[in-house]
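S.K.: Okay, predicted coordinates and the sequence, questions at the end:
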Amino acid sequence: MLHLRVASATSGPTWGDRCVALDLELLDTFRGDGPERKGDHLHLIIRQSLVTRYTSRPAGAWWIVEQSLEPGSEYVAFCPTVATASLRGSCNVQPAAGLLADLRFARDAETRRLALPELLAGARAGCRTASYVAPGYIWERHRDAAMRDPATFDAIVSLVEEPACSPIARATLFDAVQSALGGESLPHRRRLVRAMFRLLEMPEAIDLHDNLVGVYLPSALGLTAGTKPLAVAAVFGSDAAARTAAASALRNYKGPSDASSLRVWIGLATHP
């Protein structure tokens, strides 16, 4: 991962895309060990697509929709190797703003070998402005332990429920967790379902509400084909307050997704 600043960019003729001679100053390296060092200048010629629609862009690392290449602009290159040659086409090059704090956080965690409690505490401290990088790093590092140990899973999922987290940080971790769960143990499923209901209560997580009601909760509860159904008691046990809060969230949901099966499941309605 390279933090780069454009020192100069000289464009050639344009025919649907353009060739650009780049002088990139290497400001920092976050992962990997290559021959380049801070302060080095990397000189390369790249082909930059001028397609502005993400759905239409061709393969490659450089698109005008993502990189203006104005002198002084800064980018982070996520590369399969640290060799300069990979910058020509196989890296994912993104504007640096919004990513640097998370990358420094992950590098510091690696250097200090932070345990999960310290890692989560640090993530919470920066969660308001976090990108997808920090939660992605936490899950990558602790995924195997979380899938073995419900207590580790619980600790990580608690970050999903943190109201202060940025929408992208919350969505990144939630997507990673629910995608990995599959048919795992009952404690894992129960914890994830309770987190989903907690998210449905939170105005801070409104971007997730429609998919929670329409997709994630019915699937996790076994209300759709392919998953063993979970009873209300299996999810909430004797925690009447959590059940009441979940019912209230379903009652108050006004979005376009069909909540009828969930309302029947929790006892707010009967089957038609």
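M.R.: On my side now, so go ahead.
S.K.: Which residues does stretch 199-211 contact?
M.R.: With contact meaning Cβ atoms under 8 Å, 6 or more residues apart in numbering, stretch 199-211 is reached by 160-161, 163-165, 167, 170-171, 174, 212-213, 217, 245-246, 248-250, 253, 255-257. Bear in mind the C-beta positions are built from the backbone N, C-alpha and C, glycine included.
S.K.: End to end on that stretch, go ahead and measure it.
M.R.: 11 Å (Cα to Cα, to the nearest Å).
S.K.: just to revisit the earlier point, sort out which of the contacts of stretch 199-211 are in helices and list them.
M.R.: With DSSP state H as the criterion, helices contain V160, P167, R170, A171, F174, L217, A245, A246, S248, A249, L250 from among the contacts of stretch 199-211.
S.K.: What subset of these is buried?
M.R.: Among the ones in helices among the contacts of stretch 199-211, those classed as buried by 16 or more other Cβ atoms under 10 Å are V160, R170, A171, F174, L217, A245, A246, A249, L250.
S.K.: Specify which member of those is nearest to R5.
M.R.: Ranked by distance to R5 (Cβ to Cβ), these are led by A171 at 29.4 Å.
S.K.: Quick one: residues contacting the closest one.
M.R.: By Cβ under 8 Å, 6+ apart, A171 lies in contact with D207, L208.
S.K.: Next one: the nearest residue to P150 once chain neighbours are set aside from W265, what distance?
M.R.: With Cβ to Cβ, 6 or more residues apart in numbering as the criterion, P150 has its nearest non-adjacent residue at 3.9 Å, and that residue is P187. P187 sits at a distance of 20 Å from W265 (criterion: Cβ to Cβ, to the nearest Å).
S.K.: Can you pick out the residue with more neighbours from these two?
M.R.: Per other Cβ atoms under 10 Å, whichever of P187 and W265 has more neighbours is W265, with 22 against 13.
S.K.: Next, the buried residues of the strand or helix carrying that one.
M.R.: Assigned by DSSP states H and E, W265 belongs to helix 260-266. Of all the residues in helix 260-266, those buried under the rule 16+ other Cβ under 10 Å are L262, R263, W265, I266.
S.K.: so the third one makes contact with A233?
M.R.: Meaning W265. No. Checked against Cβ atoms under 8 Å, the pair W265 and A233 is beyond contact range at 11.6 Å.
S.K.: mind listing the helices for the stretch 51-200 of the chain?
M.R.: For the stretch 51-200 of the chain, applying DSSP state H, counting those that start in this stretch gives helices covering 100-112, 116-125, 133-148, 150-160, 167-181, 186-201.
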